[in-house]
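**Q** need the 3D shape of this:
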Amino acid sequence: MHLSAPTVLILASGRGERYTASGGSGSKLQALLGSKTVLQHTLDAVRMSALPWHLEDGAHPGMGDSIAAAVRATSQASGWLILPADLPLIQSDTLRRVAAALQDHAVVLPIYQGQRGHPVGFSARCGAALCELSGERGAASVVRLFATFELMVDDVGCVSDIDTVDDLRAAERLLRDA
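**A** Residues are numbered from 1 along each chain as shown. Sure, this is the predicted structure:
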């Protein structure tokens, strides 16, 4: 990627309450998926993309607050790819494709078999609106403000987040069958 590549914002501030409610113990991001943690799988894919990145793992009351903090911490970026840290099967190629599409679009939304996925890409034009986010809601309000490009991807990892113990088992099957 060239110097003006957008920054991947890895959001790792959540409390993982659905995971523990489903019987999981500890942090879902530290749960083992194969031989590595969920978070390590996500970080590895981001590193393989060769895009700049920022891990946002501070204590924030909601996803909107996490996004705003991460955007403020990387305010010089040409754009942002918002990636929840609980997407361990994300492909680095998907990250690169979303980043490339941001050169021509304000918002890029990956779509896998009709499902909206992550990372959602935002150009620098969206920065002020992202910085105003707060609370539990993510960036859906910002997506609605700008023209959105739907990028079709062949990456089940962009829709395979780990919210419950069953999600972790499903990810284990996908990893094993890959």
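**Q** next one: phi and psi at the residue of the chain positioned farthest from its centre?
**A** Distance from the centre of the chain peaks at Gly23, with 24.1 Å (Cα atoms, centre = their mean). Per-residue torsions, Gly23: phi 110, psi 0 (degrees, to the nearest 10).
**Q** so who does the closest residue to it other than its chain neighbours touch?
**A** Spatial nearest neighbour of Gly23, chain neighbours left out: Val165 (4.9 Å); criterion: Cβ to Cβ, 6 or more residues apart in numbering. For glycine as for every other residue, the C-beta is placed from the backbone atoms N, C-alpha and C. The contact partners of Val165, by Cβ atoms under 8 Å, 6 or more residues apart in numbering, come to 19, 22-24.
**Q** show the pLDDT at Val165.
**A** The model reports Val165 with a pLDDT of 94.
**Q** thinking again about what came up before, which of the contacts of Val165 lies closest to Ala128?
**A** Using Cβ to Cβ, Tyr19 comes nearest to Ala128 of the contacts of Val165, at 33.1 Å.
**Q** surely that closest one touches Asp163?
**A** Yes: judged on Cβ atoms under 8 Å, Tyr19 makes contact with Asp163 at a distance of 6.3 Å.
**Q** ok, these two, which is more surrounded?
**A** More neighbours surround Tyr19 than the other of Tyr19 and Asp163, with 24 against 18 (other Cβ atoms under 10 Å).
**Q** figure out the helix or strand that the more buried one lives in.
**A** helix 17-21 (DSSP states H and E).
**Q** Serialize the contacts of Val165 to TSV and add fields for distance to Val38 and pLDDT.
**A** Below are the contacts of Val165 laid out as TSV (distance: Cβ to Cβ, whole Å; pLDDT from 0 to 100):
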residue	distance to Val38	pLDDT
Tyr19	10	90
Ser22	14	91
Gly23	16	90
Gly24	11	88
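**Q** of all those, which two lie farthest apart?
**A** Of all pairs drawn from those, the one with the longest distance (Cβ to Cβ) is Tyr19 and Gly23, at 8.6 Å.
**Q** thinking again about what came up before, list the helices and strands the helix or strand just after the helix holding Tyr19 packs on?
**A** Per DSSP H and E, the first helix or strand lying C-terminal to helix 17-21 is strand 32-33. The contact analysis (3 or more Cβ pairs under 8 Å, 6 or more residues apart in numbering; DSSP states H and E) places strand 32-33 against helix 165-177.
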